[in-house]
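Trainee: attaching a predicted model along with its sequence, questions to come.
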Amino acid sequence: MDSLLVVKIGCLAGLLVITLLCGLVPAQIKWFQINMARGKHRRILSFIGCFAAGVFLGACIMHMMADALGDIQEELKKRQLQGGFVPKQNSTSKDDDSEVYPFGELIISFGFFLVFFIESFVLHCCPRAVHAHGDHESHDDHKGMPESHSSFRAFVLFLSLSFHSVFEGLAIGVQKEKADAIQLCLAVLIHKAIVVFSLSMKLVQSGTPARWRLLYLVFFALMSPAGIGVGIGISLTKSDGTGLAQAVLEAVATGTFLYVTFLEILPYELQSHESPLAKLFFISLGFSIMAIIAIWA
């Protein structure tokens, strides 16, 4: 068997196992259950939540948005070189990209407004459907906090992260050198371990039932390995795939994640009663780690 293929299969197995392990820790251990926390325990969980918020903020800006905009720009350049139509505004030079219409930003905005529309529609038709907490959470646990950790938004968070994970795996699967595949896999592995831990925390906070949390985490863990498998298939068939369609879908997923990050996760963590400077520190720490990982990922 080709040594490069062996490396990619090893990356596939490693991502699957590590993602599952890191996701199951907060999902299955009672210490992480928000409704059980009191005093110092609650403060620690709040700071972990702020760290997770910073992780999601960093993943949104430094990974998902950067990848989506870069891929769309690359696909548009290919079509421009092939004679395709790419609108420009007052362009004075063929090589000037600054005047290209911001298609990437437009598609990301579409994803943002898509979730906004769906949630608004559901809330209009059934007001209790979106802002309903799990039955196991008491009113005192969320006193003074916005009712924003809904099952619907947790599902959108899970879906957009899962979608992005497919493309992370795809990037590993299409690598042509062993060293490049291993380096990218290590960066994605660290990234996924932190993100899945944070995702699991948010699923717990949203009141998602235990069986659904487990299902979400297993599905999420399978996404990057599935992407690696698709990437291996593409590399073996020497096919370029549908690059533009992939870039568009990733941009839509980024828009949905943008909505949840700024209208769900950050407002919730910033409304807690802990020290504002401490919250800022842990949010910044989470963001900084994702920014560092972006150097290699």
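Mentor: Everything's here; your move.

Trainee: spatially nearest residue to residue 111, not counting backbone neighbours?
Mentor: residue 255 (2.2 Å; CB to CB, 6 or more residues apart in numbering). Placement of C-beta: from N, CA and C, glycine included.

Trainee: where's that neighbour, which helix or strand?
Mentor: Element membership for residue 255 (DSSP states H and E) is helix 243-260.

Trainee: what average pLDDT does that helix get?
Mentor: Mean pLDDT, helix 243-260: 84.

Trainee: and it, what does it pack against?
Mentor: Helix 243-260 sits against helix 66-81, helix 103-125, helix 151-173, with contacts defined as 3 or more CB pairs under 8 Å, 6 or more residues apart in numbering; DSSP states H and E.

Trainee: can you say which of these is nearest to residue 10?
Mentor: Closest approach to residue 10 among the helices and strands packed on helix 243-260 (CB to CB): helix 151-173, 10.7 Å.

Trainee: average model confidence for the closest one?
Mentor: On average, the pLDDT along helix 151-173 is 84.

Trainee: and stretch 217-224, by the same measure?
Mentor: pLDDT averaged over stretch 217-224 gives 93.

Trainee: how near is the closest residue to residue 168 other than its chain neighbours to residue 210?
Mentor: Closest residue to residue 168 apart from its sequence neighbours, by CB to CB, 6+ apart: residue 188 at 5.0 Å. From residue 188 across to residue 210, the span is 28 Å (CB to CB, to the nearest Å).

Trainee: which one of those two has more residues nearby?
Mentor: residue 188 (27 against 13; other CB atoms under 10 Å).

Trainee: that older thread, redo the helices and strands packed on helix 243-260 as TSV? Include distance to residue 292 and mean neighbour count.
Mentor: Putting the helices and strands packed on helix 243-260 into TSV (distance: least, CB to CB, whole Å; neighbours: other CB atoms under 10 Å) gives the following:
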stretch	distance to residue 292	mean neighbour count
helix 66-81	14	17
helix 103-125	24	16
helix 151-173	17	22
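
Trainee: closest one to residue 31 among these?
Mentor: helix 151-173 (20.2 Å).

Trainee: can I get the closest one in PDB? Just the C-alpha atoms.
Mentor: The C-alpha coordinates for helix 151-173 follow below in PDB (Å, rounded to 0.1, in the frame of the first residue of the first chain):
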ATOM      1  CA  SER A 151     -31.800  23.600  21.300                       C
ATOM      2  CA  PHE A 152     -32.400  25.200  17.800                       C
ATOM      3  CA  ARG A 153     -29.300  27.400  18.000                       C
ATOM      4  CA  ALA A 154     -27.200  24.500  19.500                       C
ATOM      5  CA  PHE A 155     -28.300  22.400  16.400                       C
ATOM      6  CA  VAL A 156     -27.200  25.200  14.000                       C
ATOM      7  CA  LEU A 157     -23.900  25.500  15.800                       C
ATOM      8  CA  PHE A 158     -23.400  21.700  15.500                       C
ATOM      9  CA  LEU A 159     -24.400  21.700  11.900                       C
ATOM     10  CA  SER A 160     -22.200  24.500  10.700                       C
ATOM     11  CA  LEU A 161     -19.100  23.100  12.600                       C
ATOM     12  CA  SER A 162     -19.800  19.700  11.100                       C
ATOM     13  CA  PHE A 163     -20.000  21.100   7.700                       C
ATOM     14  CA  HIS A 164     -16.700  22.900   8.100                       C
ATOM     15  CA  SER A 165     -15.100  19.800   9.500                       C
ATOM     16  CA  VAL A 166     -15.800  18.000   6.200                       C
ATOM     17  CA  PHE A 167     -13.600  20.600   4.300                       C
ATOM     18  CA  GLU A 168     -10.900  20.300   6.900                       C
ATOM     19  CA  GLY A 169     -10.700  16.600   6.300                       C
ATOM     20  CA  LEU A 170     -10.900  17.200   2.500                       C
ATOM     21  CA  ALA A 171      -7.800  19.400   2.700                       C
ATOM     22  CA  ILE A 172      -5.900  16.500   4.400                       C
ATOM     23  CA  GLY A 173      -7.200  13.900   1.900                       C
END
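
Trainee: what packs against that helix?
Mentor: Counting by 3+ CB pairs under 8 Å, 6+ apart, helix 151-173 packs on helix 3-28, helix 103-125, helix 127-130, helix 178-205, helix 210-237, helix 243-260.

Trainee: low pLDDT regions in the stretch 1-150 of the chain?
Mentor: 1, 34-37, 82-99, 126-150 (pLDDT under 70).

Trainee: same list, the helices and strands packed on helix 151-173, but as CSV with distance to residue 52 please.
Mentor: CSV is the format used below for the helices and strands packed on helix 151-173 (distance: least, CB to CB, whole Å):
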stretch, distance to residue 52
helix 3-28, 9
helix 103-125, 20
helix 127-130, 21
helix 178-205, 3
helix 210-237, 15
helix 243-260, 12
